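[1] structure, please.
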Amino acid sequence: METGAQETVRWAQWLRTAGLVTTGFAWLLPAVARADFAINLQPPVTSIAHDIYDLHSVILWICAGIFIVVFVPMFIAITRHRKSAGHSAATFHDHPPLEIAWTVIPVLILVGMAWPATRTVLAMKDTSAADLTIKVTGHQWKWEYEYLGGPSDDNIRFISSLATPQAQINNQATKDATYLLAVDRPLVVPTGKKIRLVMTSSDVIHAWWVPAFGVKQDAIPGFIRDSWFRVDVPGTYRGQCAELCGVGHGFMPTVVEAVPQEQFAAWQQKQKAQLAATATNAGKTYALSELKALGEKVYSANCAVCHQPTGAGLPGTFPALNGSPLVNGAKTEHMNRVFNGKPGTAMAAFGKQLSDTDIAAVITYERNNWNNHVGDLVQPAEIAALRH
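    From the prediction side, this is the model:
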């Protein structure tokens, strides 16, 4: 039979071995994953995010305390009083004071955890008295933002699409710090103002998520959900769609730029001026080269994820546009497909997302790129006629 000293030495050796193995795995796993190693939430920049961060930290320490109080004595008892060390199982009956204690104490702990958690959840759901309301619509795979409050024909509305170059996605270029987290048009909001988001989706369930805001809200087709945030520190904040929404799920980032009120007002005026200019140019006749140049940008932002930059598509999932009978066929059929989409597939109705000029440009680009050389072009006025 081992002496107490021998048993203590063996126990210390076992703990040392377990610690070395655990440390080895801790160093090995990040290397295998080739990802940044982080052990906490992103730094919070809103009041709700601060509450979530503090609540997370407090409950984590409570769990750590429970682990120490419960499991450490249990492991010591199992080790020191095991049968192989010469101990026999004790026989005892109920102990009312102890049973009452181990019932009351966990209840008090749960109540203590539930009180601040409930208060935080209620604050998260209070979207009243907002200074600005923005409608957010999820599409496969981009976000649409519409600033509400003005006349229906004066609301600022735009699509925010992935801006990471295809060369980085295809591992043909060095990935930068914002890989898969950059967009062509971020959501711009003023600092110090309560921003209410009303969310829905045009196709499948998406989730608008910015970790630094403490906001993650599902966008569900046919339903309106809402959330809110207030940012006091100017900056650019990034997130992603947090709901598995299809093959392009990883290419649907969320980017918010928080700017001072004066800068936001100037941005609003610029957007309204661009809307007015777009309306003025609606009847403009463009040259083939102009439409192809614009169409390439529209295609990269809206079509390349599915149909690939080469137009080759993904066999069995997304059809090729290079050599496609539809693209090389009648112009009206091509226009109808892009404008109205194809029900039952991932082909969206871009007539609800893009301007007449953008639709005309991307159709022209597809009909006159790769091995497609139809030679005709589509003018914005033709899309406007289709729309009305």
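[2] what's the domain layout of this structure?
    40-74+92-126, 132-266, 284-387 (automatic domain parsing).
[3] so which of the ones you listed is nearest Gln274?
    Minimum separation from Gln274 across the domains of the chain (Cβ to Cβ) falls at domain 132-266, 9.2 Å. In short, each C-beta sits where N, CA and C put it, glycine included.
[4] what's the first-to-last distance across the closest one?
    Length of domain 132-266, first residue to last, Cα to Cα, to the nearest Å: 16 Å.
[5] so what's the gap between it and the chain middle?
    Here the centre of domain 132-266 is set off from its chain's centre by 8 Å, with Cα atoms, centre = their mean, to the nearest Å.
[6] residues in contact with the closest residue to Asn302 other than its chain neighbours?
    What sits nearest to Asn302 in space, not counting adjacent residues and going by Cβ to Cβ, 6 or more residues apart in numbering, is Ser161, at 6.2 Å. Neighbouring residues of Ser161 by Cβ atoms under 8 Å, 6 or more residues apart in numbering: Lys142, Val183, Asp184, Arg185, Ala301, Asn302.
[7] give the PyMOL command for selecting the buried subset of these.
    A single PyMOL command suffices to select whichever of the contacts of Ser161 are buried according to 16 or more other Cβ atoms under 10 Å:
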select buried, resi 142+183+185+301+302
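[8] so which bits of the helix or strand Met113 falls within are buried?
    Element membership of Met113 [criterion: DSSP states H and E] is helix 96-125. Residues of helix 96-125 classed as buried by neighbour count (16+ other Cβ under 10 Å): Thr120, Met124.
[9] what helices or strands is it leaning on?
    Applying 3 or more Cβ pairs under 8 Å, 6 or more residues apart in numbering; DSSP states H and E, one finds that helix 96-125 contacts helix 47-80.
[10] flag every buried residue along the helix it packs on.
    Residues Ile48, Ala49, Asp51, Ile52, Tyr53, Leu55 are the ones in helix 47-80 that count as buried (16+ other Cβ under 10 Å).
[11] could you do stretch 231-244 as well?
    Val231, Tyr237, Arg238, Gly239, Gln240, Cys241, Ala242, Glu243.
[12] so Val188 sits in a helix?
    No - the assignment for Val188 (DSSP: H, G, I helix; E, B strand; the rest coil) gives strand, which keeps it out of a helix.
[13] please name the residues that touch it.
    Contacts of Val188 (Cβ under 8 Å, 6+ apart): Val256, Glu257, Val259, Phe264, Trp267.
[14] hmm, the third one is touching Pro190, no?
    Yes - because the distance of 6.6 Å satisfies Cβ atoms under 8 Å, Val259 is recorded as touching Pro190.
[15] who has more neighbours out of the two?
    Between Val259 and Pro190, counted using other Cβ atoms under 10 Å, Pro190 has the larger neighbour count: 21 against 18.
[16] apart from its chain neighbours, what residue comes closest to that one?
    Per Cβ to Cβ, 6+ apart, closest to Pro190 is Phe264, 3.9 Å.
[17] returning to what we had before: dump the domains of the chain into a markdown table; add distance to Ala277 as well.
    What follows is the domains of the chain, written out as a markdown table (distance: least, Cβ to Cβ, whole Å):
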| stretch | distance to Ala277 |
| --- | --- |
| domain 40-74+92-126 | 34 |
| domain 132-266 | 14 |
| domain 284-387 | 10 |
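[18] low-confidence stretches in the stretch 1-150 of the chain?
    Scanning the stretch 1-150 of the chain for pLDDT under 70 picks out 1-38, 150.
[19] got JSON lines for the contacts of Ser161, with distance to Gly65 and secondary structure too?
    Shown next, in JSON lines, are the contacts of Ser161 (distance: Cβ to Cβ, whole Å; DSSP: H, G, I helix; E, B strand; the rest coil):
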{"residue": "Lys142", "distance to Gly65": "45", "secondary structure": "strand"}
{"residue": "Val183", "distance to Gly65": "43", "secondary structure": "strand"}
{"residue": "Asp184", "distance to Gly65": "48", "secondary structure": "coil"}
{"residue": "Arg185", "distance to Gly65": "47", "secondary structure": "coil"}
{"residue": "Ala301", "distance to Gly65": "51", "secondary structure": "helix"}
{"residue": "Asn302", "distance to Gly65": "52", "secondary structure": "helix"}
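[20] do a quick rundown of the strands in the protein.
    132-139, 142-148, 157-160, 187-190, 195-201, 206-210, 215-219, 225-229, 235-240, 253-259 (DSSP state E).
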